[in-house]
Structure formats: structure tokens, C-alpha cells
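# A predicted structure for the sequence below; I have some questions about it.
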Amino acid sequence: METLLRLLQQNATVSREDLARQLNLTVAEVNDRIAALEKDGVIRGYQAIVDRERLDQNTVTAFIEVRITPERGGGFDRIAQRIAKFDQVVSCYLISGGYDLLVVVEGTSLREVASFVSEKLSTIESVISTATLFRLKTYKENGALFTADVPEDRLVVSP
Amino acid sequence: MEDKIAAHVRDIPRSGIRDFFEIVQSMHDVISLGIGEPDFVTPWHIREAALFSLEKGRTGYTSNLGLPKLREAIANYVSRKFHVDYHAPSEVLVSVGVSEAIDIALRALLNPGDEVLYHEPCYVSYNPSVTLAHGKAVSVPVHERDNFQLRAGELAKRITPKSKILLLNFPTNPTGATMPREALEPIAELCVKHDLIVLSDEIYAELTYDGAEHVSIATLPGMRERTVFLHGLSKGWAMTGFRIGYACAPAPLIEAMMKIHQYAILCAPITTQDAAIEALEHGDAAVAHMREKYELRRNYIVSALNEMGLPCPTPRGAFYVFADIRPTGLTSRDFSLRLLEEQKVAVVPGTAFGKDGEGFVRCSYATSLEQIKIAMERMAVFVAGCPRR
Ligand SMILES: Cc1ncc(COP(=O)(O)O)c(C=O)c1O
């Protein structure tokens, strides 16, 4: 199971036939295993890794450090889930250290992200403070390097 | 000038691989399954260690035998992985690739006319290396029906009073063969009985599949004292260009090999010795990652070859499949040349690895799965068009 997941994590678009051949399984077995992983919520979705800098539109990514007052009974969960539900939020993590949540927000302009923070995030009652860090350049995302790869210069035939 | 070349050098035939290399190189858009080195770039943490070494200004010679710290790392690694213990200061020598270690081991051991047994098909350099060391190379055939494992019966038939060395290479280039303990035992017994020294080239030891554990012949009874354990970082760690290999053997033999090494080579490069320490001490995860990739590709290529009608039992080591092309009715050379011309896929004729390689071609899967896929599709078209099936 491990290997199948690893292969999908590296490239979710590989065909089921190719997966089957590599894993010495039948296509039906691969389908079953993937279906089970999806059903169990191990696989949460499939997405493309996009190099935004290559797109014309200037998408903005912000990493927002949020400090919140935990609630009696609910801890951080209720408030974190509430924040995560905003469409602008692409990732939201509870973390250790000087603040509590790391919220990743995407928008089409600085202004849009700024207003999301001031109007939506900061106004939530239990939010004590936010600090917004903007992405300037991406070097690696989800395991994919964004810098040029090493050229292929092996000998064409070797012992 | 030709008449000035030493006779034993002149008489060595041109390598079959070189011939083929030149043809392939002159063509465009070829997908090559003919490459005997990893397609992975050396793991970054190892490259980084080489950079760090340069940054610190470590640019001098090292001790002839290699950096003490590297020899320590080698002894630890060999003990941890293969369960043979060597004394780092006196029983380990760092060489410029396994290639050099084989050469100096042969030169240290052979008197003119001594015989060296080796199994064939095999790595291309064994036979000429023996000749260059003034020995007599004696090939022992291995057979497909035995999964290309060396059989004691075949070996015993070729042992003479002049036999001095047995050269072993498991997992094998070009067949991918591995030898489990049971298969090694009768070989080891023969070596003890006939007082043979074993040069064991275990350069593919990390690359075994289906959970097969690599067993070094040095661990068998009576073998440590007569074995030269040869290994290096080229394959498992994807470090071919770093040129680091090593030999572990009883001290008197290491001392003799060192005499040649110190005058011919002086020492292996310090930058890559430093990188090798990092590789051996912290490289397990990276090696495991690459090993898994090879295994998945192997599964793919074996299933595709069988499907197109080229039977091939699943090899359990290295990164080669030795495919049986006899169903096509073509010789290895014709098959390889026509596949190259008609479908632009390069494989290496089995005969490049010895005459017993006739009827087979070596397909390397040290190439991306994407390339392997296209190569298999093209090869299937070619095989389907072959006259006799
Ligand atoms: C069986 C075998 N031994 C030795 C070598 C050479 O290794 P190195 O790079 O350590 O000289 C190779 C390389 O292809 C090989 O296949």
C-alpha cells in the first residue's frame, strides 16, 4: 500500500495500467486499492502543481501566522475549522511555537489578501493577532523543484 | 607505431560496447536501454558534502589507503550491512572505483600464467583486466536455466593446478543474477578445497529485489581469509562520476595492493572521499528510494518483455534484464542493430559480455519509466515484425 501511495503522490496522473505493471498487480486490484484509500479518506484529492510565476495573472500567496485564544471545551478546532472554510484559504495548520495557526491564503492581488485578513480573519472574536508574510518566489512545492533540472549528459551506451 | 605496442595489449580486442556506443551516438532521438549507470543524480546531501569539503579548502592528497575516517565508515558499513568485520587501518583500501580495485588485486596476486576463473556472461572488463595482469582468463559459463547463477559443477570442470583466483560478481552485470546462500555454499567449498582466492565484486549489493537479501561470499566458512571484498559507491548511491571504490581483504593482501596503488594512483580524490563518508553514514534512505524505483521499473519491463514474446525470468538484482531474443530467430547483434535502425531503441547485444551471451540482449532499467514505456512499445512493434516467432 505504501508504494502505491508514494507513486500517486509523485504523480497522480499515472495510468492504472502503468501502476499495475510496476506493482505486479492487476488493474482491478489497483483500482480496488485506490478506491479503498479514497473511501478511507487517506487520499483527499488530486491536484496539479502550478508554477504561478509562469502565469500572467499575478496570484498572491500569503502565509498568515494567527494567534488565537483557545476556547473552553473546543480548544482550537472550532475556530480553525471556521477559518479553513473560507475559499481564499488553501491550507490551514495548527502548529507549535509562538503562534497557533498557519493559514495559507491565495488571492489575485495584495489588496484582496490584505482585506481578507483585516475584514475576515482579524475580526473573528478569538483571534488575538495576525502577521502576514507574502510569497516572493517558489523554489519547491509539494516535492517538485521549480528550478532548472540537471541536464541529461550520460553516455548513450556504457558497460 | 603499432609495432611498438606491447603484445598483450595489442591482442586485446576492441570492446563490443564501444563499437555499439559509436553507432548509437551518431543517431538522433534514440531511447537508450544500453546505459550501465544510474539515471539518478547523486543525492543532494552527498553532493553538498563534496561542496562543503571544497569550501573548507580540503584539496590535498590523502593517505594512500584513503582517509582514515572513510576507511572507518567503510568498515562500519560493511559490518552493518554484510556482517563481515574488517580492521579499518589495515584491511581496507580506498580505490578509484571498483575498476581500479579489481586491477590492483589482480596485479598483486598473479604471476604470469596463473589462471583466473570468472563466470560469463559478465562485466566487460574482467577478461581484459586479467590479460593485462599477465594472467590467463578462464570463463565458466552460466545458464539461463539456472537463472544465470554459477554452478559448482561448471566451475569444478575448469579448475586446474594453475587456477589461483575466482572472480565473482553477484548481483551480476549483465544478467541481474543473484546468489542466495545455498547457491554460494558449494562454490565456497570448492574455493577452500582448491585454495582459490575470490575477488568478489559486489558493486550491486544494495540493488536486490523481492526482499532478496544480499549475501557476501566472505561470510561463508573459511572464506573471509581468502576473499577480496570489492564494493563502491557508483551504483547504489548513483556516484559513478565520483570514482570511489574500495577493497576489504586480509592485511598482507591490502599491503600488496597498496604498493601498486601508491605508485600508480597515489590516492583517490579527497573531495569525493569526503562525499563518500556522508554517503555511507547517512545515505541509507536515499539508496532505499532509488532501489524502490528500480524495482518498480524492473517489474514493468519484465512484464512488457514477456508480453511481447521475449521470455525473461525476473532478475533479482542490479538494474539489468537479460532478455532472451531467440524466439525472433535473430542473432544478438542483428537484433540490436535492427532494433536501433528500425525503432531507435538501443539495447546491448549479449555477446558484448562474452560469447555465451548469444541469444540475449541486455536492457538496462536505469532510465526513467517514461523512457522505458516508449522503448517497450517500440520494441513490441519490432518483435511483432520479426519473421520467426
Ligand atoms: C560489475 C561491475 N563492476 C565494476 C564496475 C565499475 O565500477 P566503478 O565505477 O566502481 O569503477 C561496473 C560498472 O559498470 C560493473 O558493472
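Received it, and whenever you're ready, just let me know what you need.
# can we go C-alpha only for contacts and neighbour counts from here?
Fine.
# how far away is B:Leu305 from chain A?
11 Å (C-alpha to the nearest C-alpha, to the nearest Å).
# name the residues of the one helix or strand that residue maps to that are buried.
Using DSSP states H and E, the element containing B:Leu305 is helix B:284-307. Residues B:286-287, B:290-291, B:293-305 are the ones in helix B:284-307 that count as buried (16 or more other C-alpha atoms under 10 Å in any protein chain shown).
# which other helices and strands contact that helix?
helix A:16-23, strand B:320-324, helix B:369-384 (3 or more C-alpha pairs under 8 Å, 6 or more residues apart in numbering or on different chains; DSSP states H and E).
# ok, and what's touching the first one?
The list of residues contacting helix A:16-23 from outside it, by C-alpha atoms under 8 Å, 6 or more residues apart in numbering or on different chains, reads A:4, A:26-27, A:29-31, B:295-300, B:303.
# could you list the buried residues of it?
So, applying 16+ other C-alpha under 10 Å, buried residues of helix A:16-23: A:Arg16, A:Glu17, A:Asp18, A:Leu19, A:Ala20, A:Arg21, A:Gln22, A:Leu23.
# what number of residues lie near B:His282?
13 (other C-alpha atoms under 10 Å in any protein chain shown).
# how near is it to the ligand?
Distance of B:His282 to the ligand, given as C-alpha to the nearest ligand atom, to the nearest Å: 20 Å.
# likewise B:Gly211?
On the measure of C-alpha to the nearest ligand atom, B:Gly211 and the ligand end up 21 Å apart.
# read off the pLDDT value for that residue.
Per-residue confidence (pLDDT) for B:Gly211: 90.
# shouldn't it be within a strand?
No - looking at B:Gly211 with DSSP: H, G, I helix; E, B strand; the rest coil, it is coil, so not inside a strand.
# alpha carbons of the helix holding B:Leu305, in PDB - could you do that?
Output in PDB follows, covering the C-alpha atoms of helix B:284-307 (Å, rounded to 0.1, in the frame of the first residue of the first chain):
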ATOM      1  CA  ASP B 284      20.500   4.600   3.500                       C
ATOM      2  CA  ALA B 285      17.200   6.400   2.900                       C
ATOM      3  CA  ALA B 286      18.400   7.800  -0.500                       C
ATOM      4  CA  VAL B 287      19.600   4.400  -1.500                       C
ATOM      5  CA  ALA B 288      16.300   2.800  -0.500                       C
ATOM      6  CA  HIS B 289      14.400   5.300  -2.500                       C
ATOM      7  CA  MET B 290      16.400   4.600  -5.700                       C
ATOM      8  CA  ARG B 291      16.200   0.900  -5.100                       C
ATOM      9  CA  GLU B 292      12.500   1.000  -4.900                       C
ATOM     10  CA  LYS B 293      12.300   2.900  -8.200                       C
ATOM     11  CA  TYR B 294      14.500   0.300  -9.900                       C
ATOM     12  CA  GLU B 295      12.300  -2.500  -8.600                       C
ATOM     13  CA  LEU B 296       9.100  -0.900  -9.900                       C
ATOM     14  CA  ARG B 297      10.800  -0.300 -13.300                       C
ATOM     15  CA  ARG B 298      12.000  -3.900 -13.300                       C
ATOM     16  CA  ASN B 299       8.500  -5.100 -12.700                       C
ATOM     17  CA  TYR B 300       7.300  -3.000 -15.600                       C
ATOM     18  CA  ILE B 301      10.000  -4.000 -18.100                       C
ATOM     19  CA  VAL B 302       9.800  -7.700 -17.300                       C
ATOM     20  CA  SER B 303       6.100  -7.800 -17.700                       C
ATOM     21  CA  ALA B 304       6.300  -5.900 -21.000                       C
ATOM     22  CA  LEU B 305       9.100  -8.200 -22.400                       C
ATOM     23  CA  ASN B 306       7.200 -11.300 -21.500                       C
ATOM     24  CA  GLU B 307       4.100  -9.900 -23.100                       C
END
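# what's the offset of it from the middle of its chain?
18 Å (C-alpha atoms, centre = their mean, to the nearest Å).
# ok, stretch B:216-236 next?
Distance, stretch centre to chain centre, for stretch B:216-236: 13 Å (C-alpha atoms, centre = their mean).
# quick one: average pLDDT of it?
pLDDT averaged over stretch B:216-236 gives 98.
# just checking it against chain A, any contact.
No - Stretch B:216-236 lies out of reach of chain A by C-alpha under 8 Å from any C-alpha of the partner chain, never closer than 12.3 Å.
# cool, stretch B:110-126 as well?
Yes - Stretch B:110-126 lies within reach of chain A by C-alpha under 8 Å from any C-alpha, at B:Tyr123, B:Val124.
# buried ones in that stretch?
B:110, B:114-124, B:126.
# in its sheet, what does the helix or strand bottoming out on mean pLDDT in chain A sit against?
Sorting the helices and strands of chain A by mean pLDDT, DSSP states H and E puts strand A:144-145 at the bottom, at a mean of 88. Paired neighbours of strand A:144-145 in the sheet (DSSP bridges): strand A:140-141 (antiparallel).
# can you tell me the closest non-neighbouring residue to the residue of chain A found nearest the ligand?
The ligand sits closest to A:Pro159 of chain A, with a gap of 5.0 Å, by C-alpha to the nearest ligand atom. Among residues not flanking A:Pro159 along the chain, B:Gly36 sits closest, at 5.2 Å (C-alpha to C-alpha, 6 or more residues apart in numbering or on different chains).
# gap between that neighbour and B:Pro174?
9 Å (C-alpha to C-alpha, to the nearest Å).
# ok, back up a step: hmm, the residue of chain A closest to the ligand is touching B:Cys122, no?
No - with contact defined as C-alpha atoms under 8 Å, A:Pro159 does not count as touching B:Cys122 (10.2 Å).
# bridged to residue 141, which residues?
All of this is about chain A. Judged by DSSP bridges, the bridge partners of A:Glu141 are A:Ala144.
# wait, chain B
B:Glu120.
# between helix A:16-23 and the longest helix seen in chain A, find me the angle.
As assigned by DSSP state H, the longest helix anywhere in chain A is helix A:27-39. Going by axes from the mean of the first three to the mean of the last three C-alpha atoms, to 10 degrees, helix A:27-39 is angled at 100 degrees with respect to helix A:16-23.
# got the buried residues for helix A:27-39?
A:Val27, A:Val30, A:Ile34.
# need the pLDDT of the closest residue to chain A within the stretch 101-250 of chain B.
Distance from chain A to each residue of the stretch 101-250 of chain B (C-alpha to the nearest C-alpha) is smallest for B:Val124, at 6.6 Å. Per-residue confidence (pLDDT) for B:Val124: 94.
# excluding chain neighbours, what is closest to it?
That would be B:Phe353: by C-alpha to C-alpha, 6+ apart, it lies 5.5 Å from B:Val124.
# the residue nearest the centre of chain A in helix, strand or coil?
The residue lying closest to the centre of chain A (C-alpha atoms, centre = their mean) is A:Ser91, at 6.0 Å. The local conformation at A:Ser91, judged by three-state DSSP, is strand.
# I figured it hits A:Ala84, correct?
Yes - assessed by C-alpha under 8 Å, A:Ser91 is found in contact with A:Ala84 at 7.2 Å.
# quickly list what's touching both of those two.
A:Val103.
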